[in-house]
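Enquirer: Structural data only, the sequence is not supplied:
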């Protein structure tokens with residue numbers, strides 16, 4: 001199990017697996033790269049970190065930026081990041097999975113990185129149904145009928161939504177903080193005061209002052225959240241700056257603000273997702289094989305033994321707690337996260 005000695009080893013592990021990621025990138029078919037994304041990230045200390053090479057593919061709504069590694073014939077795995085993070089949360093997980101022979105897809109979520117809307121008239125929705133549909137749209141564009149989905153924060157929510165709406169396409173689910181489909185009808189019910197305190201940014205974004213603050217201070221807000229969300233994770237400037245470039249996306253503020261206003265019932269969703277939201281409002285159970293995690297040092301969602309959400313998982317489920325690990329679990333505990341994905345891929349009931 002993990003303990004605080006894990007953090008003292010992180011520098012060496014990070015260096016080793018980052019090198020492995022660049023080497024394994026050659027396993028995927030070559031495509032035109034996006035120079036701004038491949039550029040190195042340099043922190044104030046002078047540390048330089050390589051960035052994952054990005055390819056682009058169009059869905060019905062988006063031009064999606066994504067990293068791919070591993071053989072094209074391998075079992076597909078989608079790794080889904082959260083807010084305010086980016087694909088580099090999986091910089092150490094992806095090569096571990098590719099080494100197992102899996103095809104690993106790590107997309108930028110809408111509003112992040114090089115993912116762009118194709119039409120200026122498309123609502124910049126950040127609602128949960130949109131995030132889940134984006135997963136299916138990307139799977140369709142890549143001709144992938146089924147996959148294991150694994151994520152945290154927004155990414156775990158997208159994975160849970162996908163597993164609820166189209167379980168036949170989800171072989172397995174890895175979700176940090178367990179069941180993350182939002183019960184918007186009960187959004188007005190208060191949490192205990194000490195939990196409300198940690199959600200300050202969600203309430204801030206309900207206001208126009210908060211929108212302006214995110215526009216002006218997106219990096220400062222993100223770094224504050226990183227520190228609060230993962231108090232035991234001692235990331236350096238270069239690690240943060242590598243991710244922070246994803247927040248320069250022109251739709252970042254609109255998507256983030258809509259996400260947090262919609263989940264609290266303050267704004268309507270986009271009409272295209274009305275039917276999906278009706279299904280999600282029923283708080284559907286998840287029948288797919290699942291492994292769920294809680295970081296016991298998570299500064300956002302307090303760790304639980306999983307029993308409170310047992311009825312929301314009707315398929316096989318294993319819930320695991322990680323001491324000394326915070327909210328960005330794939331980057332803080334990459335080996336444990338990768339092992340969970342490997343377990344589901346190898347034990348999954350693949351239909352194709």
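Expert: That came through, no problem. Computed from a predicted structure; not experimentally measured.
Enquirer: which residue is nearest the middle of this structure?
Expert: Closest to where the C-alpha atoms of the chain average out (C-alpha atoms, centre = their mean) is residue 81, at 1.9 Å.
Enquirer: Correct me if wrong: that one contacts residue 111.
Expert: No. Contact criterion C-beta atoms under 8 Å: residue 81 and residue 111 do not qualify, at 11.5 Å. To be clear about C-beta, it is placed using only N, CA and C from the backbone, and glycine gets the same treatment.
Enquirer: residues near residue 127, how many?
Expert: Using other C-beta atoms under 10 Å as the criterion, residue 127 is surrounded by 26 other residues.
Enquirer: Kindly apply the preceding question to residue 242 instead.
Expert: The number of residues packed near residue 242 is 25, by other C-beta under 10 Å.
Enquirer: so what secondary structure elements neighbour the helix or strand encompassing it?
Expert: In the assignment (DSSP states H and E), residue 242 maps to helix 237-244. With contacts taken as 3 or more C-beta pairs under 8 Å, 6 or more residues apart in numbering; DSSP states H and E, helix 237-244 sits against strand 41-42, strand 48-49, helix 208-229.
Enquirer: This protein: helices as residue ranges?
Expert: Taking DSSP state H as the criterion, the chain carries its helices at 5-24, 35-38, 93-98, 128-141, 154-165, 193-198, 200-204, 208-229, 237-244, 252-263, 274-280, 329-332, 334-347.
Enquirer: Show the secondary-structure elements that the last one is packed against.
Expert: It refers to helix 334-347. Applying 3+ C-beta pairs under 8 Å, 6+ apart, one finds that helix 334-347 contacts strand 76-80, helix 93-98, strand 147-151, strand 170-176, strand 290-295, strand 317-322, helix 329-332.
Enquirer: between these, which gets nearest to residue 272?
Expert: Nearest of the helices and strands packed on helix 334-347 to residue 272, taken as C-beta to C-beta: strand 76-80 at 20.4 Å.
Enquirer: Each with direction, which strands does the closest one pair with?
Expert: Strands that pair with strand 76-80, judged by DSSP bridges, come out as strand 103-107 (parallel), strand 147-151 (parallel).
Enquirer: pLDDT averaged over the first one - what is it?
Expert: Spelled out, that is strand 103-107. Average pLDDT, strand 103-107: 98.
Enquirer: which residues touch that strand?
Expert: Applying C-beta atoms under 8 Å, 6 or more residues apart in numbering, the contact partners of strand 103-107 are 52, 64-81, 87, 90, 94, 97-98, 115, 134, 138, 142, 144, 147.
Enquirer: returning to that earlier point: between the helices and strands packed on helix 334-347, which one is nearest to residue 226?
Expert: For the helices and strands packed on helix 334-347, proximity to residue 226 was assessed by C-beta to C-beta; helix 329-332 is nearest, at 10.1 Å.
Enquirer: mind listing what residue 351 touches?
Expert: Going by C-beta under 8 Å, 6+ apart, residue 351 touches 145-146, 168.
Enquirer: what about 7 Å?
Expert: residue 146 (C-beta atoms under 7 Å, 6 or more residues apart in numbering).
Enquirer: Can you lay out the helices and strands packed on helix 334-347 as CSV showing distance to residue 216?
Expert: Putting these into CSV (distance: least, C-beta to C-beta, whole Å) gives the following:
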stretch, distance to residue 216
strand 76-80, 28
helix 93-98, 33
strand 147-151, 29
strand 170-176, 30
strand 290-295, 30
strand 317-322, 35
helix 329-332, 27
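Enquirer: picking up where we left off before, the helix holding residue 242 vs helix 208-229, what angle?
Expert: Orientation check (axes from the mean of the first three to the mean of the last three C-alpha atoms, to 10 degrees): helix 237-244 against helix 208-229 gives 140 degrees.
Enquirer: for the record, mean pLDDT for helix 237-244?
Expert: Computed over helix 237-244, the mean pLDDT rounds to 97.
Enquirer: can you give me how far that helix is from the chain middle?
Expert: Centroid displacement of helix 237-244 relative to its chain, using C-alpha atoms, centre = their mean, to the nearest Å, is 16 Å.
Enquirer: Stretch 324-332 too?
Expert: On C-alpha atoms, centre = their mean, the centre of stretch 324-332 falls 12 Å from that of its chain.
Enquirer: got the contact list for it?
Expert: If you take C-beta under 7 Å, 6+ apart as the criterion, stretch 324-332 is touched by 2-4, 6-7, 85, 89-90, 92-93, 152-153, 176, 229-233, 293, 295-300, 322, 333, 337.
Enquirer: again, 6 Å this time
Expert: With contact meaning C-beta atoms under 6 Å, 6 or more residues apart in numbering, stretch 324-332 is reached by 2-4, 89-90, 93, 152, 176, 229-230, 232-233, 293, 295, 297-298, 300, 333, 337.
Enquirer: one step back: can you give me the buried ones in the helix holding residue 242?
Expert: By neighbour count on 16 or more other C-beta atoms under 10 Å, the buried set for helix 237-244 is 237-244.
Enquirer: and if you look at stretch 99-109?
Expert: 99-100, 102-109.
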